[in-house]
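my questions are about this predicted structure, shown below with the sequence.
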Amino acid sequence: ARALIGKPIDSWYYIDPDRNVQGPFTTLRMLKWNRRGCFKPSLPVRYGPKPGFPFVRLDAVFADGGCAFRSTPSKWPSDCDI
C-alpha cells in the first residue's frame with residue numbers, strides 16, 4: 001500500500017461505465033451517493049489530486065462497502081486490478 005504524503009486534498013475521482021473519469025468530488029458527496037446505492041463494489045476510484053495514484057476497485061479501498069466514504073483512506077492499495 002502507498003502512504004498518502006503531505007496534507008491530503010479531499011478529492012475523489014471515479015471511472016464511469018463509459019470509461020470517463022469523473023471528479024473531483026468531496027468525501028461527503030461520495031458518501032451520500034454511496035448511501036443511495038449509486039456505486040457498485042467494482043467501481044474504479046482514486047483519492048487525491050495526484051494522477052500517479054492508480055484507480056482501484058471501491059471494495060479494495062473499503063472492504064465493508066457500507067462503511068465506504070465515512071473517512072478518507074490513510075493508505076492506498078497498490079496491487080489491485082480495476
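Done, it's in. Treat the numbers as computed from the prediction; the structure is a model and nothing was measured.

skipping adjacent residues, who's closest to residue 71 in space?
What sits nearest to residue 71 in space, not counting adjacent residues and going by C-beta to C-beta, 6 or more residues apart in numbering, is residue 27, at 7.7 Å. Where you see a C-beta, it was placed from the backbone N, CA and C, and this is true even at glycine.

isn't the one you found up against residue 62?
No - Residue 27 lies out of contact with residue 62 (C-beta atoms under 8 Å); the separation is 11.4 Å.

which strands and helices sit next to the longest helix seen in the chain?
In the chain, with assignment by DSSP state H, the single longest helix is helix 27-35. Secondary structure elements in contact with helix 27-35, counted by 3 or more C-beta pairs under 8 Å, 6 or more residues apart in numbering; DSSP states H and E, are strand 12-15.

how far off centre is the strand it packs on?
On the basis of C-alpha atoms, centre = their mean, to the nearest Å, strand 12-15 sits 6 Å off its chain's mean C-alpha point.

you'd agree residue 59 is in a strand?
No - going by DSSP: H, G, I helix; E, B strand; the rest coil, the assignment for residue 59 is helix, not a strand.

what sits closest to it if chain neighbours are left out?
residue 41 (3.8 Å).

host element of residue 46?
Assigned by DSSP states H and E, residue 46 belongs to strand 44-47.

can you get me a residue count around residue 36?
8 (other C-beta atoms under 10 Å).

could you list the low-pLDDT ranges of the protein?
Low-confidence segments of the chain (pLDDT under 70): 1-9, 65-66, 74-76, 78-82.

could you rerun that using 80?
Within the chain, the segments meeting pLDDT under 80 span 1-9, 49-53, 63-67, 71-82.

re the thing from before, okay, now the sheet partners of the strand holding residue 46, with direction.
Applying DSSP bridges to the sheet, strand 44-47 is found paired with strand 12-15 (antiparallel), strand 56-57 (antiparallel).

this completes my enquiry, with thanks.
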